[in-house]
Structure formats: structure tokens, C-alpha cells
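In: Requesting a structural model of the entry that follows:
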Amino acid sequence: MEYFTAAPESDDAGKRIDVYVSQYRDDLSRSQVQKLVEDGKVTVNSKAVKNNYRLRKNDIIDIEIPDPEPLDIVAEDIYLDIIYEDKDVIVINKPQGMVVHPAPGHYSGTVVNALMYHCKDSLSGINGCMRPGIVHRIDMNTSGIIVAAKSDSAHKSLALQFAEHSISRKYKAIVTGNIKEDTGTIDKPIGRNPKDRKKMAVVAGGRNAVTHYTVLERFGKYTYIEAELETGRTHQIRVHMASVGHPLLGDDVYSGAKQPYRLSGQVLHAGLLGFIHPSTGKYIEFVSDIPEYFEKLLGRFRQNQF
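Out: Below is the predicted model of the structure:
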């Protein structure tokens, strides 16, 4: 059973519960969400509701999604770059090219396969057999820090922090073009691309999405930035930067251009993650240096070697 928690924002007040949840989890259709609501799998403030329930400020929504068809997900002895670990959480530095959890086409070699081997039975079971311990994810071709939960109580605590956007997340990226302003904020709603459901896009009626960015270095053709997420939507930084004419270097999904330098995907690194520890109640923060390929690109650009 996959479990997650959502905390509606002020502009969500008045929305029907089925509409909100289908927007919150864009991988679920509205009819799927309505079935979950009818089956009592969606609760508001710990109480069952009907599909026509209208959201109110400060509502807390809990959603349970039944397990998919069981698959034999095997523990694999794969190296993990572990930054921190205790009885509640494990924080790792994921390399570019590694998938977070099993999915069609990727049933082995994932972070989950590696965690199952390393942690044995000490992983949260809230998200079922496909995603044990997984509270959030980053794209396969995005490198950097993710946290996994080793207990159900830790999972619930982290899930609520993600839902309330109280998690600190900063990314390093190289985007195409020259960003003239030193800082900026992109506040545009994101949802499924109506023309291609495999992609996300800035769309009217999408979920609120806010990205703050700061220019670190300019190279004329490219700009090195730090992006801080106020929200955490699927492909948020990639979609937002493309929407203002500065798609990420290496992003073959949202740039629409041939990618140079033989890159394996977007040049994007989750460099900072901070959250309230589920047991101690204290804020903890972790930082990860950009990977070698990223550093080499910067060195090349600093020497004007385009």
C-alpha cells in the first residue's frame, strides 16, 4: 500500500477533493481518485469524505493507493554513497543515471534494490513492495541527495514535511543562454502536458509551483545557477527554466534541441537537503558536491572551451 500526505495551500480552498488529489498526484486519473475516495482510501483530517467534499484551509489529506501487481523486487549488492544513516532515516548521494525505484523497464539496479540489500528489513513499508522507504525521488538523470525512511513513523513525518513544503532543497544546474538578472522567481502552475502525458508543462489549472534561482556564473552561451524549490512538482526546475527560455543543458525532453558534449541527461544536481529529524525534532541539513562530469563542464566553460 502506498501512502502519502497532502496539505492543501490557500489557493486550493474550495476545490473538490477528487479534483485536488488528481492534480496533486498527476499519475492518477480523476476516475481512479474517485474510486479511492469511494473506497475510503482518501481521508480529510482522519475522516472519510465524499468526492464532492470542498477543501478548507488547514485540511490534512491522507491517501492510500493499493499495491500494484506484486513483482519480485530483488535486493542487490549495489554501492550506495551514504551521507548519513540512523535508525530512522538514510540519506544518500544518488549518481546520475540511477533510477530511484522499480518501474516498467527498470526492475533492477535501482536505489530501492540497493537499499533492500543494505537495510535488510529496516525500511518503511508504507509505500509497498515497489517503493519501500521511498518518500520522494529525483529523476534518473538528476544526481544528488535523497532521503529514505527506515520506519513508518519516520516516513509519515517526512511525508508531511514534503507536503507542507517545509523541506529545504537546493539544486545546482547549468542552463542554456545568458540569464541577465542575478536572481529571479518563477511562479507558474505545473501539470501534465495535454499534448503528451509523459511530459509536464506550465498549464492553467496546474498545481502551484514556485522556483527561486540565483546566478552563480555566466559563460555567455550558458549560465550556472542555484535553484531553490519552494514547492516540489514533477520536473519542476526543468519545466520552469524551459518556460522562461533557459532550458537545462542536456535536457533532451524540455529543450527541443540537440544536446552537445555527449551528456547523459540534464545537468542538474540536488546539492542540499534539510528537514526536521522525525525522532529528535531538530533540523538537520546535508550538502553534496557536484559530480565530476559537472565540474569538468564548468572548467571547460571557464576556459571558454565551448
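In: How is residue 162 assigned, secondary-structure-wise?
Out: With DSSP: H, G, I helix; E, B strand; the rest coil as the basis, residue 162 sits in helix.
In: err, residue 19, not the other one
Out: Under three-state DSSP, residue 19 falls in the helix class.
In: residue contacts, it?
Out: By C-beta atoms under 8 Å, 6 or more residues apart in numbering, residue 19 lies in contact with residue 30. C-beta: built from backbone N, CA, C; applies to glycine.
In: and it, how far is that from residue 25?
Out: Counting by C-beta to C-beta, to the nearest Å, the separation of residue 19 from residue 25 is 12 Å.
In: next one: residue 237
Out: 20 Å.
In: Mean confidence (pLDDT) on the helix or strand that contains residue 154, please.
Out: Residue 154 belongs to helix 152-163 when elements are defined using DSSP states H and E. Averaging pLDDT along helix 152-163 gives 92.
In: chain center to it, what's the gap?
Out: Its chain's average C-alpha position is 14 Å from that of helix 152-163, according to C-alpha atoms, centre = their mean, to the nearest Å.
In: So which bits of it are buried?
Out: 154, 155, 156, 157, 158, 159, 160, 161, 162, 163 (16 or more other C-beta atoms under 10 Å).
In: Which two of those residues have the greatest separation?
Out: Farthest pair in the buried residues of helix 152-163 (C-beta to C-beta) is 154 and 163. Separation: 14.9 Å.
In: re earlier: now do the helix or strand just after the helix holding residue 154 against helix 152-163: the angle between them, please.
Out: Using DSSP H and E, the helix or strand that directly follows helix 152-163 along the chain is strand 168-176. Orientation check (axes from the mean of the first three to the mean of the last three C-alpha atoms, to 10 degrees): strand 168-176 against helix 152-163 gives 50 degrees.
In: And strand 168-176, what's buried?
Out: 169, 170, 171, 172, 173, 174, 175, 176.
In: Fine by me, we can end here.
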